[in-house]
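Student: Sequence first, then the predicted structure:
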Amino acid sequence: MPHERIEINPEIMGGKPVVRGTRVPVELILRKLGAGLSAADILADHPRLTQDDILAAQAFAADYLADEDVIYG
């Protein structure tokens, strides 16, 4: 599934997925959400982001994981 708001470019953040037009990695957004920060908190920390960017980061991660074999152990 294409993700218009997420880009992977080896020249930006070492090729990590980021929100397009920023240097904000998807990983950072997910870690902040996982730590209990609200979307409003993240938007306050990163004013260039939008609510749609946060949702896109979550959708990207879900799609990525849906294609992975996850091993619990």
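Tutor: Now that the structure is in, tell me what you want to look at.
Student: ok, now how distant is the most centrally placed residue in the chain from D41?
Tutor: Note on the chain: the residue nearest the mean C-alpha position is V26, at 2.1 Å, using CA atoms, centre = their mean. Counting by CB to CB, to the nearest Å, the gap from V26 to D41 is 17 Å. In this view, the C-beta of every residue, glycine as well, is placed from N, C-alpha and C.
Student: And for I8?
Tutor: 26 Å.
Student: Could you pull up the mean pLDDT of the longest helix along the chain?
Tutor: When the chain is parsed with DSSP state H, its longest helix is helix 51-66. Mean per-residue pLDDT for helix 51-66: 94.
Student: Buried residues, that helix. List them.
Tutor: For helix 51-66, the neighbour count (16 or more other CB atoms under 10 Å) marks 53-54, 56-57, 60-61 as buried.
Student: H3: which of those is nearest?
Tutor: F60 (4.9 Å; CB to CB).
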